[in-house]
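Novice: model this:
(chains A, B and C)
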Amino acid sequence: MRRMAAGANRTGLIIVGLISLGAGFAALAISFGLAATAAPGLSPDAQLQPIAAVFALPFSAGIALVAALILAMIGVRWLAVQVPRKDSAKPLRMQEDSRSGVTTVTANVVAAAVEDDLEATPEVVDAQAILRGTARRPELILHVDVDERADFDTVVADIAERVACNCSQALGVPLSAVGVEIGIARSRQRRQRSVQL
Amino acid sequence: MASSRGGLTIADRVIEKTASQILKSLPGVGGAKSGLFGFGSNADLDSRPSVDVTLSGRSCTLEVHLGLAYPSPITEATESVRRRLSTDVEALTGVSVHQVDVAVKWLKPHTSGSGSSVRHLK
Amino acid sequence: MSPRLFRSRPARVVPAVIVAIVILAIAAALGWVAIAAIATGGSGDSALSSGFSGFASLGAMTWGAPPVITAAVIIALLGLILLVIGISPGAKRNIGYRTEAPEHIERFEVILPTSALASLAAAAADSVDGVSSVRAASNASSTIVTFSTPVRDNDGIRRDVDAAVTQRFASIAFNRTPTVKVRVQRRQA
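Specialist: Coordinates of the predicted model:
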């Protein structure tokens, strides 16, 4: 339900993979003499001294410190984006004319109402809802946990006809998208504590 | 003429109380007596509509926090609240209402019938 | 193309976290050596080699030396692995459910994660008489159910479990119904 950094992860893995593969490949080429024709200094018998010499240059410590800081920032940022994001809609503006005042509804308020509505569906044990998009083009992302013997057709029909319809009515516009993820509730994990007669 | 007999000063607290009273009497708005306390006996303070008044010159701006019945259309409901507050506050206090900002804090289904008690089956 | 509502392929979180931690480790080591070099040198124009004596021995090695070749092979292999992990889509983690979008919804999508398929299969198998325990694993196209039973002649029970799971799947309107494979794990009562 929540958004993960799939694109960033794959891009990062590909970049690091390419750099690593390229460096390893280049070193192997030199080690096996394939680079000796291109650059006479790079034969298998040549020492790694030129590389070690780079580390002995003046200011190399300072540059290395800056590089370390940049690498650290990249590492921390990459770890930080792994946290799943809700990506809820920004607060909805639902007034007709802003000159007479603004009507604000946060996405969580609508999502909470939809969650309560979902839990009223028979055979739904637990539910979460996220409202994305805008007030004019809202998107509902739902996750429901149903009983393992549930009739899926009934559950889906109830969500499509009652729950989504209620949300659409409250927002005053048709829903631009509704996504439902159906999970199976772990046995005997009921959230409903009472019944209203 | 009224101005020669002395002026009348309305404090912002008066407008707040007036607006609160108007809101409490509206059906379908959180805090009204029409039975929106279906969420049980816990009197949640956040569920009562609150009004904050800002005066400027001879008019005022209202900031309202309320809850609504779900799934009533939010735009229509808040527009009617806005219209009622504008006309009634001006009629009762003489202060014109420049703007009404509404923040909807919760949406709950309307329980059937006012004053119905909630029986809990354990 | 509008973005899908649900991500159907793995997000590669675990490899990304590992690589990010390795990057942080490299940054820490580099920073440590640099600070040591600046500390011993006493001024800003110190060379990195004054913080770590290993660079001298590094320079003495030749390109054809075994440690260099080994390191190069490892680095190249790791790079290839990361590249494959990044590019390959990975196993589909959702299975679609047939729906019709009602009037007030423009786009309606219902999915079940593959973990739900396994739970459904296990629950269906569990309801068969003679099954003492069940384990199920599923991907988007096939589900494998492994059950244990104290009964010696368990062909009948295996057929019953297959029928129960297949029937349960058939009763759900999947876009593509997963195939069912049933295995027995014989266990003493």
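
Novice: where exactly do the strands run in the chain?
Specialist: Answering for chain A, as no chain was given. With DSSP state E as the criterion, chain A has strands at A:92-93, A:103-105, A:124-133, A:138-146, A:177-184.

Novice: that's the other chain; I wanted chain C
Specialist: For chain C, applying DSSP E gives strands covering C:94-97, C:108-113, C:133-138, C:142-149, C:179-186.

Novice: Which of those sits closest to B:Thr9?
Specialist: Nearest of these to B:Thr9, taken as CB to CB: strand C:108-113 at 58.8 Å. Every C-beta, even on glycine, is put in place using the N, C-alpha and C of the backbone.

Novice: partner strands of the closest one, parallel or antiparallel?
Specialist: strand A:177-184 (parallel), strand C:94-97 (antiparallel) (DSSP bridges).

Novice: for the strands of chain C, which one ends up most surrounded?
Specialist: Ranked by mean neighbour count, the strands of chain C are led by strand C:108-113 with a mean of 22 (mean count of other CB atoms under 10 Å in any protein chain shown).

Novice: Pull out the CA atoms of that one and give them to me as CSV.
Specialist: The C-alpha trace of strand C:108-113 is given here as CSV (Å, rounded to 0.1, in the frame of the first residue of the first chain):
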residue,chain,number,x,y,z
PHE,C,108,-11.1,-0.2,-10.4
GLU,C,109,-8.3,-2.7,-9.6
VAL,C,110,-8.4,-5.6,-7.2
ILE,C,111,-5.4,-7.7,-6.4
LEU,C,112,-4.3,-10.4,-4.0
PRO,C,113,-0.7,-10.7,-2.8
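
Novice: Let's test this: mean pLDDT of it, rounded?
Specialist: Mean per-residue pLDDT for strand C:108-113: 94.

Novice: can you check stretch B:15-24 too?
Specialist: 86.

Novice: How about stretch C:60-80?
Specialist: For stretch C:60-80, the per-residue pLDDT averages 88.

Novice: least trustworthy helix or strand in chain A by mean pLDDT?
Specialist: For chain A, counting by mean pLDDT, DSSP states H and E, helix A:49-54 ranks last in confidence among helices and strands (a mean of 73).

Novice: Now render the strands paired with strand C:108-113 as JSON lines, adding mean pLDDT.
Specialist: JSON lines is the format used below for these (pLDDT from 0 to 100):
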{"stretch": "strand A:177-184", "mean pLDDT": "95"}
{"stretch": "strand C:94-97", "mean pLDDT": "94"}
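
Novice: right, so of these, which gets closest to C:Arg4?
Specialist: C:Arg4 lies closest to strand A:177-184 among the strands paired with strand C:108-113, at 8.6 Å (CB to CB).

Novice: residues making contact with that closest one?
Specialist: The contact list for strand A:177-184 (CB atoms under 8 Å, 6 or more residues apart in numbering or on different chains) reads A:1, A:133, A:139-148, A:152, A:155-156, A:159-160, A:164, C:5-6, C:94, C:97, C:105-113, C:115-116, C:119-120, C:123.

Novice: Please state the offset of the least confident helix or strand of chain A from the chain centre?
Specialist: Helix A:49-54 sits 43 Å away from the centroid of its parent chain (CA atoms, centre = their mean, to the nearest Å).

Novice: Only C-alpha atoms, please: export that helix in PDB.
Specialist: Output of helix A:49-54 as PDB, limited to C-alpha atoms (Å, rounded to 0.1, in the frame of the first residue of the first chain):
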ATOM      1  CA  GLN A  49      52.700   2.500  -7.800                       C
ATOM      2  CA  PRO A  50      51.000   5.100  -9.900                       C
ATOM      3  CA  ILE A  51      47.800   4.400  -8.000                       C
ATOM      4  CA  ALA A  52      49.500   4.500  -4.600                       C
ATOM      5  CA  ALA A  53      51.200   7.700  -5.700                       C
ATOM      6  CA  VAL A  54      47.800   9.400  -6.000                       C
END
